[in-house]
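**Q** Curious how this folds, go ahead:
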Amino acid sequence: MKKQQICILGSTGSIGTQALEVISEHADRYEAYCLTAHNRVDLLAEQAHRHHPAAVVIANAQHYDKLKALCSDLPDTKVYAGAQALDEIVEAGPIDMVLTAMVGFAGLSPTIHAIRAGKKICLANKETLVVAGELICRLAAEHHAPILPVDSEHSAIFQSLVGEDDAEIEKILLTASGGPFRNMPKEQLATVTCQDALRHPTWDMGAKITIDSATMMNKGFEVIEAKWLFGVPVERIQVLVHPQSVVHSAVQFCDGSIKAQLGVPDMRLPIQYAFSFPERLPLSGTRLDLFKHPLEFFEPDLEKFRCLALAFEAIERGGNMPCIVNAANEVVNRAFLEGRCTFPQMAEVIARTMQQATYSDTPDYDVYVDTDREARRIAAELLNN
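**A** Below is the predicted model of the structure:
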């Protein structure tokens, strides 16, 4: 069996490192063809020595010389740098699939290039569909590039739909842990710190996504992602707060039947399923013991978690509004991580950016790029006022 060649965009992050674990566990099937990172040059070099990819790319070109030196004893590994290198490497002929595990808007361009090259896309960068869902879906159809979800929730939905063919979906049930502040009174949120928000009760994720989980913006983005991935209108997507994170999501069909995917919180499972579909491969790790897990479900509090409400508003407005929300969210997320704004201020700045940024109901790629730049500028100015 020919080994599948995998390009991991964002190999030093949480998803990327776990994807490399999956590749190592199934070394007879998969091989890392290219590994990329933005700034974490030391870890990228360490991964290159362990996995011997054909290429490594550091997006921040300032780190090129250091990466080149660290990989000087790897004659078969080419070293590249810069955003353009990311766009070019995903088009390489030997690559069978691209795992898009980069965080934020930066993942959009290389994903588009991978789609145009007809690569199988294992999608972990939710911002790609949040920002440009209509464009991405059209390009994927044109270039016959399959998109398989890696987010645990969307993988669960995908797994629940396998074998259902054209069965009518009545509702998608998108579960959310509720984050670390699920039971905290709204008035106390003004005093929570970055460290408080980073203590996620069930998942071990990168800092950006963990903060988005605490605000529930992450769930809003996942609603948008589900709309595009599964062709379901937003009014048929319901968010359920499920603190145990055992039911990763579910689908309710037109006959009232509900199918769900359950498991322990382990991102290796959806990563591996995206790699191996339609096969299921063995995976080491803890198994779910239902005797030890009560299952609870609650409605989300949209007043307390205003970011989730803003995401729904963006979906309803359509056009480039989700792009505006994503850009503003990236700015305030970073500001909160750096102690430059409070938890409630994140939603306030996003809402005001939505009011001030230029709206387009028929955006193309250039509009998305301009929108992202403008919304970031507005959000940064609002933070500084």
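
**Q** And the strands in the stretch 251-385 of the chain?
**A** Using DSSP state E, counting those that start in this stretch, the strands of the stretch 251-385 of the chain run over 258-262.

**Q** ditto for the stretch 51-200 of the chain
**A** Counting by DSSP E, counting those that start in this stretch, the strands of the stretch 51-200 of the chain are 55-58, 78-81, 97-100, 120-123, 147-149, 169-176.

**Q** what pairs with the fifth one, and is each one parallel or antiparallel?
**A** Within its sheet, and counting by DSSP bridges, strand 147-149 is paired with strand 120-123 (parallel).

**Q** hmm, who's touching the strand it pairs with?
**A** With contacts defined as C-beta atoms under 8 Å, 6 or more residues apart in numbering, strand 120-123 is touched by 96-100, 111, 114-115, 129, 140, 145-151, 154, 271, 274-275. Just so you know, the C-beta spots here come from the backbone N, C-alpha and C atoms, and that holds for glycine as well.

**Q** Now a PyMOL select for only the buried ones of those residues.
**A** A single PyMOL command selects the buried members of the contacts of strand 120-123 (16 or more other C-beta atoms under 10 Å):
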select buried, resi 96+97+98+99+100+111+114+115+129+140+145+147+148+149+150+151+154+271+274+275
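
**Q** Would you reformat the strands of the stretch 51-200 of the chain as JSON lines and include mean pLDDT?
**A** Converted to JSON lines, these look like this (pLDDT from 0 to 100):
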{"stretch": "strand 55-58", "mean pLDDT": "98"}
{"stretch": "strand 78-81", "mean pLDDT": "98"}
{"stretch": "strand 97-100", "mean pLDDT": "98"}
{"stretch": "strand 120-123", "mean pLDDT": "98"}
{"stretch": "strand 147-149", "mean pLDDT": "97"}
{"stretch": "strand 169-176", "mean pLDDT": "97"}
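
**Q** could you dump those to CSV with distance to residue 285?
**A** Listed next are those as CSV, based on distance: least, C-beta to C-beta, whole Å:
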stretch, distance to residue 285
strand 55-58, 28
strand 78-81, 33
strand 97-100, 19
strand 120-123, 19
strand 147-149, 20
strand 169-176, 20
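
**Q** and of the ones you listed, who's closest to residue 356?
**A** Evaluated over those, closeness to residue 356 peaks at strand 169-176, with 28.9 Å, by C-beta to C-beta.

**Q** Buried ones in the helix ranked longest in the chain, by neighbour count?
**A** The residue-count maximum for a helix in the chain (DSSP state H) belongs to helix 365-384. For helix 365-384, a neighbour-count test (16+ other C-beta under 10 Å) marks 367-369, 371-372, 374-376, 378-380, 382-383 as buried.

**Q** now swap in stretch 154-170 and tell me
**A** 154-161, 169.

**Q** Likewise for stretch 310-325?
**A** By neighbour count with 16+ other C-beta under 10 Å, stretch 310-325 contains the buried residues 310-312, 314-315, 319-325.

**Q** Just the ones of the residues you listed in helices?
**A** Here DSSP H is the test, and the buried residues of stretch 310-325 give 310-312, 314-315, 321-325 as lying in helices.

**Q** Pull the most distant pair out of the residues you listed.
**A** Checking these with C-beta to C-beta, the most distant pair is 312 and 323, at 15.7 Å.

**Q** Would you confirm that residue 339 contacts residue 194?
**A** Yes. Look at residue 339 against residue 194 with C-beta atoms under 8 Å: they come within range, at 6.4 Å.

**Q** Between these two, which has more neighbouring residues?
**A** Under the criterion of other C-beta atoms under 10 Å, the comparison of residue 339 against residue 194 puts residue 194 first, with 15 against 9.

**Q** for the nearest residue to residue 146 once chain neighbours are set aside, which residues make a bridge with it?
**A** Closest residue to residue 146 apart from its sequence neighbours, by C-beta to C-beta, 6 or more residues apart in numbering: residue 120 at 5.2 Å. Beta-bridge partners recorded for residue 120 (DSSP bridges): residue 97.
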